[in-house]
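>>> The following block contains a protein sequence and its predicted model.
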Amino acid sequence: MGGEWVLAEKPTIECLRTLGYKYLDPEKHKEQRDGQNHVLLRPVFIKAIQKINGISEEDAQAAYLELISKTDNEEWSQLLRGNYSRTVPGKATKQTIKIIDFLNIDNNTFTVTSQLYVKSEQSRKPDVVVYVNGIPLVIIEAKSPLNYKDKTGEAFEQIKQYERDIPRLFYSNVFNILTDGTNCLYGSTGSPSKFFASWKDPWPRQKSSFDDELSKGLWCLLEPSRLLDLLAHFVVFEKTEEGVVKKICRYQQFRAVNKIVARVVDNQHRQGLVWHTQGSGKSLTMVFAALKLKMHYTIESAELTNPNILVLTDRIDLDDQISKTFQACGLPNPDRMNKVSDLQDAIHAGADGLVVLSTIFKFQGSEQAIDNSEDWIVMIDECHRTQEKDLGAYLRATLPKARFFGFTGTPIKKDDKNTYQNFGVEGEGYLDKYGIDDAVADGATVPIYYTGRKTDWHIDEAKIDILFDNWFADLPEDKLEELKSRGVSLSDLVKHPKRIELIAYDIWTHFKAYARPDGYKAQIVCFDREAIILYKRALDKVIAEDLGDASLAASMSACVFSANQEDNKPSEDKRVQDIRKGLVLYYLDRAAETDVKALFGKKGEQPEFLIVCDKLLTGFDAPIESVMYLDKPLKEHTLLQAIARTNRVADPQKKSGLIVDYIGVSKNLDDALSSYRSEDVQNAMRDLDDLRSELRAAHATVIGLMKGLKRGKGKFIKPEFDAFVKILQAEDDWFTFRRKAREFIGIYEALSPDPAVLSYTADLKWIAAFLQYATQVFEKKEAFDHKSYSGKIREMLDQHLDATGISTTVKLRHITDPEFWDDFDVEGMTEDDLKTAAIRKTTELRKMVSEKVSDNPLQYQKFSDRLLALLEKLDGSQISWGDKLKMAEELAKDIDAESSAHENTGMSENTYGIYKILEALKSDDQIEVYSLENLASEVTGLYEDEGTAPTLWQDKPELRKGLRQQVRKKAHGFGLTDWKQVPERVEEFAVKHMSKRSGQDRGKS
C-alpha cells in the first residue's frame, strides 16, 4: 500500500478503534454483504436491531429487505432518527422499530472498514467507511496533502466521484470526511467543496487533551455519542428555490445548542446570551436549538418533556427570515403568528409541544401571566433591541417563569447592563461567543475592508458652516439667506446635487472595475429617502451615458424604502414636489420588493444595485453582494449590521467584502464603535491598507521560495519554468509553493484594481502561469486555478499565456483533434521536448480516460488500469522520456481504436456500447457472440423507439421503470445468469447517450 495508507488511512482506522469502533477486515466484506453492489452489513444490522427492539430474526430480516429499497437521503435521515415502523406478527398495530438506540450508546454496533469495493456502473473503492448497526453513515477519503482553505484538491473530486458513481453508498450517508492524516474536513452529503470545513473546537474538551490534530478531528466528529448527536439533531434539509439543500452544523452551532440544552436540563440558570456574528448561521443555530429541545433523541429529562418554544424577533423582515428558515428546514409544526390575537390564543391555550414564531411587538400591552409559563423556552433574535421601551417588560409579565435565551449578531455594548442582566448569568458574559475574527478565520464569512473615497466629499460636522459657504456659494442671495435662516444641516451638504452627481460617477466607475467583472452586486446606502431618489436619477444618467442604453441603465438599480403617507400629496415647493414624484415612481410594494431582492441575489439578472437608506441593512442575506457604497453616517450596531451585508461567502472569486466610504465613517471608526469592547470589534472593518500590507508580505514569501531561480525579462519563459521545477523537486516543496502562490494571487485579486497591485503584476503573471504548467508536471492533471480567478485578472493572465507561448505548452487537446498526434512525432526533439510532450500526453490521457470511463465504465475500465501503470512509470527514472512517450502513444491508439471499434461490427455506436456492457456481465460460458449482439440490438431498439421511449423518457420515473423491466425480461430470456444487474447499467448508458429532448433524439445513430 502507498503513502496514503501509512500517513492517513491506517492512522484514521487506529484512532477510530480507540474510540470503540470494531475494525472489519476487507477480506470479510463478502460474508457481511449480499453482494458487491450492496453496502449494508446484513448480519451486523440484523443482530443490532434484534438487540435494540427485542424482535425476532425473521422480523429483522424483513426490516432489512424494506430498508435496502430506500434511496432518498432525507427519508433515510428520518428512518435513522426513529421514524420507522412495520407490521410485526402478533400485534394489531404497526410497531416502531429503532434502527439506532440514541439513549443507550452501548446498544449500538460501531464498525469501521477500509477499501470497500462497491460494484456499480462505475465501480469504486472508498478508503474508509464508518458504520453504525451495519448502516454506512460516513465516508472518509484519505489524501495528501489537504488544506482547509484550498478546496480544489483530488480528495474533493474523489468524494464527488463516489457520490456520482456509487450513489447507493450515500443513501444513508450523514456526512463525509477528508483527511491527510493531520487535517480533517467534513461536509454533508452532496455538499460542494466550498462548504467543507474543519471542526476546530473540541468543546467540552480542551485542544491540549489530544495528542494530535487527527485524533482531535475524528473525536469531534465520530466519537460515538457525538456522531449520534449530530445525526439526531444537527442535520436539516432546507427547501430552496434551487431544490433541497442538506446542511450540517458547524462547531460553534453544536457547542451553543448543547450549552443551551444543558442549561435547560440542569435547571440551575434559566437564561443565557449567545453572540454569533452575522453571516455565521445564527438563524440555523436557532433551528438546531429548537430541534434538539423539541426532539431530544439522545437525552431523557423531565425538563425536556414536550416544552413550548417561542422564537421572537423585533422586525417583520427578520420574522420573515426566521420563519422561512424554520419552515424550510422541516422543523415539526412551526406556527407563525400573524395577529396579536393569534399569539394570545396560542400562549394562553395551556397546550404543550408548540413552536411559536412571532414579533415581540405582539406582546404590547400584554400583562396577564399565563399558567404554564415555566414550560416555555423563549429564544429572542437580536435580543439587545427587545429591551427598548416596555417590550421586554410586557414579555416577562406574560411569561414570568419562562427560560430566556438571547441571540445577537453583534456584540453587546459595554454599558448595556440590561441585556446582560436579562439574558446573561452574573460573571459569565456570553453563554457562547463566535466573534468576527472566528468567522473569518474559519471561512464562514469573508473579511470586510473599507476605503475612503474622495476625502473632500467627507463631511465634518464641525465644519458645516465653512463647507456650506464653499458648496452653496453660487446660490442666489435670497435662497442662500433662506437656507441660513433655517439653519445649515448635514442633510443640505450630503444631498448637494453636484456632490451626488460626482459620487454617482465614482460609484459606477469603481463598480465597473471592482465588482461587475465577476457578476457581483452592490448596495448604495443613502442619507435618507430623498437621497435615494437623487442617487437613482444620477446613477441612471451616468450609466446611460456610458453604455448608451437608457432602458438598461434604469433596470440596473432598484430603490428599496418604506412609503410615507405624505409621498402622494401635492406641494407648491417645486423641489419637494419633484422628490415626492420620485418616491411614488420608485416605490416597491411588498411583493415587488420580494421579487427585486430575489433577482438581486442571482448572477446575470437585474438589478445590480439596491439603493436604500434604512431597509435591507439587517436581515438581508445576498452572498452576491461584494461592495457597499456608504453615504450615511452609521454607528454602533447599525453600522455593524449594515456592513455585514457584504461578508457572506459566495463563490471562490469572492475573497472579501468592501465598504466604500463617502461620508467619513471610516475616518472616525473608533468613535463609531466606541460603545463596544475593542477586542469584540477590532476587525469588524479593516483598512484596505491592511490588505496592501498583506499583499507585500505574501509576495515576499513567494519570492523567497523562488530563491536560486534566475529569471530574465524575455517573453520565452519555459526554460525558467523547467529550472524552477528542478528546484521544487520534492513533492512537499511543490505543494508549499502552490499554497503560498494561491494566497498571493487571492490577495492580489481582492485588491485589484487598486493601484497598489501594479508593482506586483509582472510577478503575478509569471507565478500564475507557472501554476498551470507545474500542475501538469507534478500532478499529471489539468490545472483549474485559472477558472477560480476573478474575471478582472483572468483575461490579463490569458493574454500573458498567449504572449509567452505557455498557452500552447499547457493546452490540452482531445484525441479527436488532429494536433493531438503531433507530440508523437519525435524527430528532432530534445530530451526536454520529449519530457514536456510525455507529461502533456499523460495529462490529456488522464482527462480523456476519465471521460470515457464515465461514458461506459465496462467498456473503458481496462484503459484506466493501464493509465495508472503509465503514471507510476512516469515518475520513475529507469525508462527514458522517449519510451514513456511511446507508451502514451500506444495507449492513445488503443483508446482511439476502441472508440471506433463499432464501425467494423455492423452495430451502431449505441448498440456496441450496450454490447460491451452485456459482454462484461456474462460468464465465460454464457451466450454466443451473435446472440449477445442480437440482445444488444433489441435493447438499443427499446430506447430508440418512440413507442417505448418517447420524448423526455429519461425524466419520467414510470417510463424508466417500464424500460428496465423490459430489459430485465430480455436479458433473462437470453440466458444471462447475472441479468439482475443489466437493467441499471443499461439505463445509465441510455440516459447519457440516448436521452430525447424537445422532440429530437439526441442519441448517436
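Received it, and whenever you're ready, just let me know what you need. Numbering: from 1, shown residues only.
>>> name the element residue 792 belongs to?
Element membership for residue 792 (DSSP states H and E) is helix 791-804.
>>> List the residues that contact residue 582.
Shown in contact with residue 582 (CB atoms under 8 Å, 6 or more residues apart in numbering): 533, 536, 537. Backbone N, C-alpha and C define where each C-beta goes, glycine included.
>>> again, only this time at 6 Å
Contacts for residue 582 (CB atoms under 6 Å, 6 or more residues apart in numbering) come out as residue 533.
>>> Now do the same for it: helix, strand or coil?
Secondary structure, DSSP: H, G, I helix; E, B strand; the rest coil: residue 582 is helix.
>>> and the gap between it and residue 529?
Distance, residue 582 to residue 529, by CB to CB, to the nearest Å: 9 Å.
>>> Any regions of the stretch 1-150 of the chain where pLDDT drops low?
Applying pLDDT under 70 to the stretch 1-150 of the chain picks out residues 1-3, 121, 144-150.
>>> For the helix or strand containing residue 30, list every residue counted as buried.
Using DSSP H and E, residue 30 sits within helix 29-32. For helix 29-32, burial by neighbour count (16 or more other CB atoms under 10 Å) applies to 29, 32.
>>> so what does the helix or strand following it touch, helix or strand wise?
Next helix or strand after helix 29-32 toward the C-terminus (DSSP H and E): helix 42-53. Contacts defined by 3 or more CB pairs under 6 Å, 6 or more residues apart in numbering; DSSP states H and E place helix 42-53 against helix 57-67.
>>> Just the residues contacting the helix it packs on, thanks.
Under CB under 6 Å, 6+ apart, the answer for helix 57-67 is 45, 46, 49, 50, 88, 97.
>>> The lengthiest strand in the chain: partners in the sheet, and parallel or antiparallel?
Assignment by DSSP state E gives strand 135-142 as the longest strand of the chain. Based on DSSP bridges, the strands next to strand 135-142 in the sheet, each with its direction, are strand 128-132 (antiparallel), strand 175-179 (parallel).
>>> Point out the most buried one among the ones you listed.
A comparison of those by mean neighbour count, using mean count of other CB atoms under 10 Å, puts strand 175-179 on top with a mean of 26.
>>> chain center to the helix or strand that that strand is followed by: distance?
Where DSSP H and E defines the elements, the next helix or strand beyond strand 175-179 is strand 184-188. Strand 184-188 has its C-alpha centroid displaced from the chain centroid by 12 Å (CA atoms, centre = their mean, to the nearest Å).
>>> For residue 8, give me its contacts.
142, 179, 180, 181.
>>> Tell me how far the second one lies from residue 5.
Counting by CB to CB, the separation of residue 179 from residue 5 is 12 Å.
>>> what do these two both touch?
Applying CB under 6 Å, 6+ apart, one finds that no residue jointly contacts residue 179 and residue 5.
>>> Any of the contacts of helix 57-67 buried? List them.
Buried members of these, scored by 16+ other CB under 10 Å, are 45, 46, 49, 50, 88, 97.
>>> now for these, which pair is the farthest apart?
Maximum pairwise distance in the buried ones among the contacts of helix 57-67, criterion CB to CB, is 16.8 Å, between 45 and 88.
>>> Tell me the secondary structure at the closest residue to residue 964 other than its chain neighbours.
Distances taken as CB to CB, 6 or more residues apart in numbering place residue 983 nearest to residue 964, at 3.8 Å, with adjacent residues excluded. Recorded secondary structure, residue 983: helix (three-state DSSP).
>>> Is it correct that residue 983 is in contact with residue 967?
Yes: using CB atoms under 6 Å, residue 983 makes contact with residue 967 at a distance of 4.5 Å.
>>> Neighbour count for these two, which is higher?
It is residue 967, of residue 983 and residue 967, that has more neighbours when counted by other CB atoms under 10 Å, with 24 against 21.
>>> these two touch, right, the more buried one and residue 985?
No: the pair residue 967 and residue 985 does not pass the contact test of CB under 6 Å, sitting 9.5 Å apart.
>>> Look up how far residue 644 lies from the spatially closest residue to residue 212 that is not a sequence neighbour.
Nearest residue to residue 212, sequence neighbours excluded (CB to CB, 6+ apart): residue 182, at 7.2 Å. Residue 182 is 33 Å from residue 644, where distance means CB to CB.
>>> What count of nearby residues applies to the residue nearest to residue 212?
Neighbours of residue 182 under the rule other CB under 10 Å: 15.
>>> So for it, what's the pLDDT?
pLDDT, residue 182: 86.
>>> That one contacts residue 211, correct?
No: counting by CB under 6 Å, residue 182 does not reach residue 211; the two are 11.9 Å apart.
>>> what about the helices in the stretch 601-750 of the chain?
636-643, 669-672, 678-681, 688-705, 718-727, 731-751 (DSSP state H, counting those that start in this stretch).
>>> any chance of the ones you listed in JSON lines, with mean neighbour count and distance to residue 816 too?
JSON lines is the format used below for the helices of the stretch 601-750 of the chain (neighbours: other CB atoms under 10 Å; distance: least, CB to CB, whole Å):
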{"stretch": "helix 636-643", "mean neighbour count": "21", "distance to residue 816": "52"}
{"stretch": "helix 669-672", "mean neighbour count": "15", "distance to residue 816": "59"}
{"stretch": "helix 678-681", "mean neighbour count": "16", "distance to residue 816": "59"}
{"stretch": "helix 688-705", "mean neighbour count": "16", "distance to residue 816": "39"}
{"stretch": "helix 718-727", "mean neighbour count": "16", "distance to residue 816": "27"}
{"stretch": "helix 731-751", "mean neighbour count": "20", "distance to residue 816": "31"}
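>>> which residues sit in contact with residue 21?
Applying CB under 6 Å, 6+ apart to residue 21 gives the contacts 110, 112.
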